[in-house]
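**Q** I would like the atomic coordinates for the input below:
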Amino acid sequence: MKNNKLNLIIHFVTVLFTLYVLYLRFARFLLADSESIAMAMLNPEQLPTAQPVLFSGLMLLLIFILFGLLKLNPSSGVIFRTMKGLFGYSVVLLLLQLLIVMGSHQFPDSLNKAQYESKHLFVEVQTDSTRLRAEPSLQSKILTSVNRGTLLLLNDVKTAENLTWNRVLLAPKKYAWIVRVAPVEKGQAKRLSKTNKFYFTLADRYSLILALAGFAWGFLSYRKQK
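**A** Numbering: from 1, shown residues only. Now for the predicted structure:
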């Protein structure tokens, strides 16, 4: 009985981690096409402050589900079997996504073909403490600073002072400017941001389908433990 419940919790945590990976890899870019929630969706660390109601609701839901799993009767074979199936799906999917991330450059062009592309471009910050300004000028007011890895929704591009600036969404209907490459001492330059588009590829689609084999393995291999 204890082993069943321990395995159930391990499977649940693995499934949660997989959902988070899918969120980082795909869902946040799809959700970010809606500007009203773009900032919170693109950068999960901002969710508690940007969308406190949504964050609180998600935490309460997770606690409720976890509590329910702990109270499950081991005789509930269908639930245990389904959770192990989801665990198998998660493990296979994570392995396939790792393969895609590390080796997609070696795939045939057909596998890297986009099945879906985002409506917006995304700006990824390349250095810590990068300044977002009110206007496209190095003398303009600093609105805030962001760190490396922060994703921002691109709204416009402008060249000013011989520099290329990205206009990004800072909050609903509020924008800021971030320079792409900034001048530094001795005539050198430093990249502060780069622009990308999100693509869901054929390889990604296959990974979601092939992972069903992991679900079948987990679902069919479940055995009740005394």
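**Q** how does this structure divide into domains?
**A** 2-114+201-221, 118-200 (automatic domain parsing).
**Q** what's the first-to-last distance across the shortest one?
**A** Across domain 118-200, the straight-line distance between its terminal residues is 9 Å, by CA to CA, to the nearest Å.
**Q** all numbers from here: first residue = 688
**A** With the count now opening at 688, the last piece we talked about shows up as domain 805-887.
**Q** pLDDT on it, on average?
**A** Across domain 805-887, the average pLDDT comes to 89.
**Q** pLDDT score for the residue nearest the centre of the chain?
**A** In the chain, the C-alpha nearest the mean C-alpha coordinate belongs to residue 711, at 1.2 Å (CA atoms, centre = their mean). Note for residue 711: predicted pLDDT of 91.
**Q** list the contacts for it?
**A** residue 731 (CB atoms under 8 Å, 6 or more residues apart in numbering). For every residue, glycine as well, the C-beta is placed using N, CA and C.
**Q** and residue 852, bridged to which residues?
**A** Judged by DSSP bridges, the bridge partners of residue 852 are residue 845, residue 866.
**Q** what does stretch 745-756 rub up against?
**A** With CB under 8 Å, 6+ apart as the criterion, stretch 745-756 contacts 692, 695, 696, 699, 703, 770.
**Q** if you set the cut-off to 7 Å instead, what comes out?
**A** 695, 696, 699 (CB atoms under 7 Å, 6 or more residues apart in numbering).
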